[in-house]
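S.K.: Okay, predicted coordinates and the sequence, questions at the end:
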Amino acid sequence: MTERGTREDLLDGPRGRRLCWIAVEQHAYARTGRGPFWDVISEPEPMLTELRRVLRTTDLAEFSTITDDVALLNFVGESVATARYWQDPDEEDRALCHPDFITELQPVADAIAAAPASAWWPSDLALGDQVYADWREDGAPPPGLSGAQVILREWRRTAVNSMGMWWSPPIWAPALDQAARMQIPRPMLAQTTRRLRKLGAVGLLLHEDTDGTANALCRPVRARESLRTFEIKSTKDWIELVEHYPLDVTLSREGSWSAATGLERRWIVPDWCRVAEDYEAVHLTVSGYLSISGRSLLLGADTATLVAGWDPDQTYWLADVLELTGEPTPWEAGDPPKDWRVVADDES
């Protein structure tokens with residue numbers, strides 16, 4: 001992985017290709033007031049013809065000179081919102097796999113990768129700027145940030161034995177009575193993203209499978225001890241993680257992931273219980289997400305793996321090493337929803 005993102009980072013994976021497509025679409029809308037300009041086209045050939053037509057009048061310098069982190073992340077956010085790993089990909093994602101589309105989008109990918117606002121996308125965990133985006137109702141108690149071992153153990157049990165699951169990270173959500181018996185407040189593994197100058201947390205904008213919640217508390221956190229962090233920046237990193245800590249989740253994933261990828265395979269993900277023996281945190285960079293999320297990666301003749309349900313720049317904390325610091329800041333989505341803003345004191 002290079003220090004900066006590259007064309008390949010954006011064009012190798014479905015979410016990166018969709019980002020380039022959306023950037024062109026939004027540029028056309030801003031220029032002409034029309035759009036989405038291909039929302040009534042569902043066949044690849046006319047979609048490609050329309051893409052070529054629009055690119056002839058697209059000033060790519062407007063992408064390569066973007067300095068506003070949040071403005072560029074809005075394009076990423078729309079790509080993230082179209083991810084659906086529990087069913088077939090939509091018409092646009094299917095079309096964008098075709099080599100002709102990839103060829104046409106190459107200059108768009110080059111321009112976005114060159115933008116100052118994308119320079120941090122390949123970067124490691126920003127340890128001093130981590131924020132827990134708390135999506136609950138105002139007035140709920142703060143997260144406990146504990147119980148990682150129990151949560152990982154339960155995740156492993158359900159990942160192997162349950163059906164209908166479609167995500168790769170160690171997400172586990174027990175029934176309320178089960179949580180009460182375990183005496184774990186809010187039993188979920190801590191997840192954080194970095195703060196930006198104009199955004200309380202990257203996770204406010206870049207959130208897969210969102211339910212449309214319009215309010216969040218951004219809670220700053222810090223690690224209580226030195227960390228061993230695994231960085232996922234490329235397919236090589238994810239495959240290394242899977243091959244070193246393999247867990248067969250075919251029973252729970254084959255229905256959704258076979259539909260999402262068109263492949264009938266044994267499906268493998270990292271065994272997060274074993275990963276936790278060597279690392280306290282696992283971080284997926286923005287570039288890594290755009291390159292590999294939703295992309296089937298073959299491990300052998302009959303096995304494959306998939307990154308699904310893991311947001312860009314998101315870190316999963318596999319040990320109880322976080323603590324809350326300072327007061328939370330309330331944020332709310334505006335109109336359109338991507339326009340997040342701090343809630344003023346007299347509004348909260």
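M.R.: Noted; the coordinates are in hand. Just so you know, these numbers come straight off a predicted model, no measurement behind them.

S.K.: Tell me how many other residues surround residue 170.
M.R.: Residue 170 is flanked by 25 other residues according to other C-beta atoms under 10 Å. Heads up, the C-betas are built off the backbone N, CA and C, glycines and all.

S.K.: can you check residue 304 too?
M.R.: Once other C-beta under 10 Å is used to define contacts, residue 304 is seen to have 19 neighbours.

S.K.: Doesn't it belong to a strand?
M.R.: Yes. Assigned with DSSP: H, G, I helix; E, B strand; the rest coil, residue 304 falls within a strand.

S.K.: the strands in the stretch 201-348 of the chain, which residues?
M.R.: Using DSSP state E, counting those that start in this stretch, the strands of the stretch 201-348 of the chain run over 215-223, 229-232, 246-248, 266-270, 281-284, 297-298, 303-305, 315-317, 322-324, 329-333, 340-342.

S.K.: Can you give me the distance of the closest residue to residue 214 other than its chain neighbours to residue 340?
M.R.: Closest residue to residue 214 apart from its sequence neighbours, by C-beta to C-beta, 6 or more residues apart in numbering: residue 333 at 4.1 Å. Note on residue 333: its distance to residue 340, by C-beta to C-beta, to the nearest Å, is 6 Å.

S.K.: now swap in residue 226 and tell me
M.R.: As judged by C-beta to C-beta, residue 226 and residue 340 stand 33 Å apart.

S.K.: With neighbour numbers in mind, choose between those two.
M.R.: It is residue 340, of residue 226 and residue 340, that has more neighbours when counted by other C-beta under 10 Å, with 20 against 7.

S.K.: got the contact list for the more buried one?
M.R.: Taking C-beta atoms under 8 Å, 6 or more residues apart in numbering as the contact definition, residue 340 lies against 199-200, 204-205, 331-334.

S.K.: pLDDT and neighbour count added to those, as TSV?
M.R.: As requested, the contacts of residue 340 are exported to TSV (pLDDT from 0 to 100; neighbours: other C-beta atoms under 10 Å):
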residue	pLDDT	neighbour count
199	95	22
200	95	24
204	95	26
205	94	27
331	94	19
332	92	17
333	89	17
334	81	10
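
S.K.: Make TSV out of the residues you listed and add distance to residue 70.
M.R.: Shown next, in TSV, are these (distance: C-beta to C-beta, whole Å):
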residue	distance to residue 70
199	5
200	11
204	10
205	7
331	12
332	15
333	13
334	12
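
S.K.: Among those, which one lies nearest to residue 212?
M.R.: residue 333 (8.5 Å; C-beta to C-beta).

S.K.: isn't the closest one right up against residue 210?
M.R.: No. Counting by C-beta atoms under 8 Å, residue 333 does not reach residue 210; the two are 10.0 Å apart.

S.K.: What about the residue nearest to residue 114 when sequence neighbours are not counted, how many residues nearby?
M.R.: Nearest in space to residue 114, with sequence neighbours left out and distances taken as C-beta to C-beta, 6+ apart, is residue 64 at 4.4 Å. Residue neighbour count, defined by other C-beta under 10 Å, stands at 17 for residue 64.

S.K.: what sits against residue 64?
M.R.: 110-112, 114-115.

S.K.: What lies in contact with whichever strand or helix holds residue 111?
M.R.: Secondary structure here is read from DSSP states H and E; on that basis residue 111 sits in helix 99-114. Under the contact criterion C-beta under 8 Å, 6+ apart, helix 99-114 has outside partners 4-7, 9-11, 16-17, 19-21, 23-24, 44, 47-48, 51-52, 55, 58, 60-61, 63-64, 72, 75, 95-96, 118.

S.K.: which element follows that helix toward the C-terminus?
M.R.: The next secondary structure element downstream of helix 99-114 (using DSSP H and E) turns out to be strand 130-134.

S.K.: Sheet partners, orientation included, of that following strand?
M.R.: When pairs are called by DSSP bridges, strand 130-134 turns out to pair with strand 191-194 (antiparallel), strand 215-223 (antiparallel).

S.K.: got the angle for it vs strand 329-333?
M.R.: 60 degrees (axes from the mean of the first three to the mean of the last three C-alpha atoms, to 10 degrees).

S.K.: From the chain's centroid, how far away is strand 130-134?
M.R.: Its chain's average C-alpha position is 15 Å from that of strand 130-134, according to C-alpha atoms, centre = their mean, to the nearest Å.
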